[in-house]
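Chemist: mind looking at a prediction? Sequence and model below.
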4 protein chains.
Amino acid sequence: MRVIYVLTTGGTIEKIYSEQTGEVRNRDSKIDRYLGLLRLPDSDVRVVPLMNIDSLNMTDADRAAILQAVTGLLPEKAPILITHGTDTMVETGLYLQSALPKLEVPIVLTGAMAPLGFEGSDALQNLTESLIALRLLSPGIYIVSHNQVFPISSVRKDRALGRFVRAKEESS
Amino acid sequence: MRVIYVLTTGGTIEKIYSEQTGEVRNRDSKIDRYLGLLRLPDSDVRVVPLMNIDSLNMTDADRAAILQAVTGLLPEKAPILITHGTDTMVETGLYLQSALPKLEVPIVLTGAMAPLGFEGSDALQNLTESLIALRLLSPGIYIVSHNQVFPISSVRKDRALGRFVRAKEESS
Amino acid sequence: MRVIYVLTTGGTIEKIYSEQTGEVRNRDSKIDRYLGLLRLPDSDVRVVPLMNIDSLNMTDADRAAILQAVTGLLPEKAPILITHGTDTMVETGLYLQSALPKLEVPIVLTGAMAPLGFEGSDALQNLTESLIALRLLSPGIYIVSHNQVFPISSVRKDRALGRFVRAKEESS
Amino acid sequence: MRVIYVLTTGGTIEKIYSEQTGEVRNRDSKIDRYLGLLRLPDSDVRVVPLMNIDSLNMTDADRAAILQAVTGLLPEKAPILITHGTDTMVETGLYLQSALPKLEVPIVLTGAMAPLGFEGSDALQNLTESLIALRLLSPGIYIVSHNQVFPISSVRKDRALGRFVRAKEESS
């Protein structure tokens, strides 16, 4: 069995609709339930919940906690998936890259524009893509989303398009 | 073919997740798409969008508009379903009842605690139940939700339970 | 809490796709899982698996077993839902009616043209409708399906239409 | 926009439940509808229906037709996805490899153990994985399924496990 770590930090991908308030918020992690819908026969997927926050509220201390968790796992030489809000995903990825210049495994960050389980959501697609990309990518830090793979050094979120684009690409 | 009117006023049942803002709001009607998932072989369901608002924001003028629409349809002697936010559904139902004391058809109000298409939503259940209840109910005004049928004069929303209860029933 | 009995006999509604053989067959009951998707706050739904067969293979002994189960439950004066294959559902209903002329509760038979969990299936719709119809129907035996309610004495399956119709209604 | 060709040949992935016969068969292609659920913002996916058959019934002439279609597309230098029944997918892949020793693009074969739209199906997972694998793989012929990527020369279907395994791997 091949070990994969999934570090969860919150973001839209895990947001939940509150019937009491009518808001969509980060409360409980639900990624295990959706990973259970996928067939991953030779993988041992280990979900590590780190925090459950909107990435617009992510602080330097939060990013340091993510780095610490990643650093602790690197000796296992297992690929790492980090679920994260899209708004500051690039910032977290660049922070990890500057602190971890010599990786032996790929690290993929992913998230979603609409939460897991909402009609038309991209969340399960992005999870599925990230897990197989971790099979094929060379060591480094990437964002995987919407059938695209971006090295962290050349990607930005295009808010108008609602997706990631190459860092130089213009919004249409 | 048996005609049924579906008057839509908004409420949680038709709320949509905005990928731009992360909010859940009334914007477009989506009830047609979900009615299309049901098999209604001898029915001619006519959807009439009246408004698309959170029922907490519903004004006297909005209720007068609903009454006017219902009154205009009564000569057709077709059952009427009104989709509505749950927070003031009872108020609208009582308003209709006071204005329409002698009905020849059943009128059902329904809504949802979670929008159509969200995981775990009660919305399609409530629509399905309301459409068959309109087959079986005698003339009058009712709320149908969560496998229950309430005459409008003896129902209230229990916010803690997240559902309707008989007017005298205590919250557990 | 209001008790409802659900007697399961198999039929398409509970068929399962076999990945080994590519066939769709009755093997395990899955109705509990789908009942769990519905909000039934004041009901105590008791599922009683009787058999799990295609109704084309149902024998006189099987029908006698259904009758025996129903007869044993009648003293509880709780409504009864029977899930059943559509091909001989009318036959079983008429058999129960001839043996049980004086009922104090409604008994509804339902089934599906496509199994629970298959895209476009009518199964969850039919379950939802049946459970609320049992609230509203007077004592007697009925088939509930596709937003329609048929007394057992005036219904037949129209195989070309893929649904139930009134006994005198012509196939279009 | 990046062009991807999807050649469809049938197999379980596109099987449809027949309400008339209760069988699961290849009749109409439904892959377009499911591709429409995925966000593929910079891709121009061109679906080319070649045949719609159970791969156990695939003849030499059918394989020649697939080869001819692939050969016709190779000058476009676009990656190619072939949907195919799992039972003879390896045979078709090896046939293509022997005829096309020098590829400039990756060709992925995929399929499913349960049809698109059936509860618990692996079909959309396999489609999603195949489309992103085509981004990352070097030229050659592969099977992608269940989060795994197999070069065509070292894969076999394990019928007991219900999945593909490396050619030397034993069934558990």
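Modeler: Great, that's in hand.
Chemist: near chain D at all, the longest strand seen in chain A?
Modeler: In chain A, assigned by DSSP state E, the strand with the most residues is strand A:43-53. Yes: interface with chain D: strand A:43-53 contributes A:Ser43 (Cβ under 8 Å from any Cβ of the partner chain). In this view, the C-beta of every residue, glycine as well, is placed from N, C-alpha and C.
Chemist: can you check stretch A:147-157 too?
Modeler: Yes: under the criterion of Cβ under 8 Å from any Cβ, stretch A:147-157 makes contact with chain D via A:Asn147, A:Gln148, A:Val149.
Chemist: ok, back up a step: give the buried residues for the longest strand of chain A.
Modeler: A:Ser43, A:Val45, A:Pro49, A:Leu50, A:Met51, A:Asn52, A:Ile53 (16 or more other Cβ atoms under 10 Å in any protein chain shown).
Chemist: give the next helix or strand downstream of that strand.
Modeler: Once strand A:43-53 ends, the next helix or strand along the chain (criterion: DSSP states H and E) is helix A:60-73.
Chemist: how about the strands in chain A?
Modeler: Remark: strands assigned in chain A by DSSP E are A:2-10, A:16-17, A:24-25, A:43-53, A:80-83, A:106-110, A:140-145, A:148-151, A:155-158, A:163-166.
Chemist: and for the closest residue in space to A:Ala99 that isn't next to it in sequence, the neighbour number?
Modeler: Leaving aside its sequence neighbours, A:Ala99 sits nearest to A:Leu67 (Cβ to Cβ, 6 or more residues apart in numbering or on different chains; 5.4 Å). Burial measure for A:Leu67: 16 neighbouring residues, criterion other Cβ atoms under 10 Å in any protein chain shown.
Chemist: now do A:Arg135
Modeler: Neighbour count of A:Arg135, defined by other Cβ under 10 Å: 18.
Chemist: where does chain A come near chain D, residue by residue?
Modeler: Contacts of chain A with chain D, taken as Cβ under 8 Å from any Cβ, map to A:37-43, A:120, A:122, A:125, A:128-129, A:131-133, A:135-137, A:144, A:146-149, A:161, A:163.
Chemist: can I have the buried ones of those as a ChimeraX selection?
Modeler: Applying 16+ other Cβ under 10 Å to those leaves a buried subset, and the ChimeraX line that selects it is:
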select /A:38,39,40,41,43,122,125,128,129,131,132,133,135,136,137,144,146,147,148,149,163
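Chemist: so where's chain A shaky on pLDDT?
Modeler: Low-confidence segments of chain A, defined by pLDDT under 70, span residues A:169-172.
Chemist: for it, identify the residue most remote from the centre.
Modeler: When distances to the mean C-alpha position of chain A are computed (Cα atoms, centre = their mean), the maximum falls on A:Gln20, with 28.1 Å.
Chemist: who's in contact with it?
Modeler: B:Arg159, B:Gly162 (Cβ atoms under 8 Å, 6 or more residues apart in numbering or on different chains).
Chemist: now it: how far from C:Val48?
Modeler: With distances taken as Cβ to Cβ, to the nearest Å, A:Gln20 is found 36 Å from C:Val48.
Chemist: now A:Ile80
Modeler: A:Ile80 sits 49 Å away from C:Val48, going by Cβ to Cβ.
Chemist: just A:Leu103 next, same as before
Modeler: Separation of A:Leu103 from C:Val48 (Cβ to Cβ): 58 Å.
Chemist: in space, what's closest to A:Lys168 - neighbours in sequence excluded?
Modeler: A:Ser154 (7.5 Å).
Chemist: wait, doesn't that neighbour sit right on A:Ala167?
Modeler: Yes: the criterion here is Cβ atoms under 8 Å, and A:Ser154 meets it with A:Ala167 at 4.6 Å.
Chemist: mind checking if stretch A:24-41 is in reach of chain B?
Modeler: Yes: counting by Cβ under 8 Å from any Cβ, contacts between stretch A:24-41 and chain B involve A:Val24.
Chemist: now that stretch: buried residues?
Modeler: Neighbour-count burial for stretch A:24-41 [16+ other Cβ under 10 Å]: A:Val24, A:Arg25, A:Asn26, A:Ser29, A:Lys30, A:Ile31, A:Tyr34, A:Leu35, A:Leu38, A:Arg39, A:Leu40, A:Pro41.
Chemist: what does that stretch rub up against?
Modeler: Stretch A:24-41 is contacted from outside by A:6, A:8, A:10-18, A:45, A:47, A:49, A:52-54, A:83, A:115-117, A:123-124, A:127-128, A:131, B:17, B:22-24, D:120, D:122, D:125, D:146-148, D:161, D:163, using Cβ under 8 Å, 6+ apart.
Chemist: could you list the buried residues of stretch A:54-69?
Modeler: Going by neighbour count (16+ other Cβ under 10 Å), the buried part of stretch A:54-69 is A:Asp54, A:Ser55, A:Met58, A:Asp62, A:Arg63, A:Ala65, A:Ile66, A:Leu67, A:Ala69.
Chemist: from those, pick the one nearest chain D.
Modeler: Set against chain D, the nearest of these by Cβ to the nearest Cβ is A:Ser55 (19.5 Å).
Chemist: tally of neighbours for the nearest residue to the closest one once chain neighbours are set aside?
Modeler: Distances taken as Cβ to Cβ, 6+ apart place A:Gly85 nearest to A:Ser55, at 2.6 Å, with adjacent residues excluded. Number of residues near A:Gly85 (other Cβ under 10 Å) recorded here: 24.
Chemist: list the contacts of A:Gly85.
Modeler: Contacts of A:Gly85 by Cβ under 8 Å, 6+ apart are A:Thr9, A:Gly10, A:Gly11, A:Thr12, A:Ile13, A:Ile53, A:Asp54, A:Ser55, A:Leu56, A:Met58, A:Gly111.
Chemist: and which of the residues you listed is nearest chain C?
Modeler: Distance ranking of the contacts of A:Gly85 against chain C, using Cβ to the nearest Cβ, places A:Ile13 first at 22.7 Å.
Chemist: next, count neighbours for that closest one.
Modeler: When neighbours are counted by other Cβ under 10 Å, A:Ile13 registers 28.
Chemist: what count of nearby residues applies to the residue nearest to it when sequence neighbours are not counted?
Modeler: Leaving aside its chain neighbours, A:Ile13 sits nearest to A:Ala112 (3.9 Å; criterion: Cβ to Cβ, 6+ apart). A count of nearby residues for A:Ala112, using other Cβ under 10 Å, gives 27.
Chemist: repeat for A:Ala78
Modeler: Counted with other Cβ under 10 Å, A:Ala78 comes out at 15.
Chemist: next: A:Ala160.
Modeler: A:Ala160 has 9 neighbours, counted by other Cβ under 10 Å.
Chemist: now A:Glu76
Modeler: A:Glu76 is flanked by 12 other residues according to other Cβ under 10 Å.
Chemist: OK, contacts around it?
Modeler: By Cβ under 8 Å, 6+ apart, A:Glu76 lies in contact with A:Val3, A:Tyr5.
Chemist: distance check, the residue lying closest to A:Leu124 once chain neighbours are set aside against C:Arg156.
Modeler: Once flanking residues are discounted, A:Leu124 sits nearest to A:Tyr34: 5.8 Å by Cβ to Cβ, 6+ apart. Distance, A:Tyr34 to C:Arg156, by Cβ to Cβ: 44 Å.
Chemist: now A:Phe150: closest residue in space, sequence neighbours ignored.
Modeler: Setting aside the residues directly before and after it, A:Phe150 is nearest to A:Ile143 in space (Cβ to Cβ, 6+ apart), at 4.7 Å.
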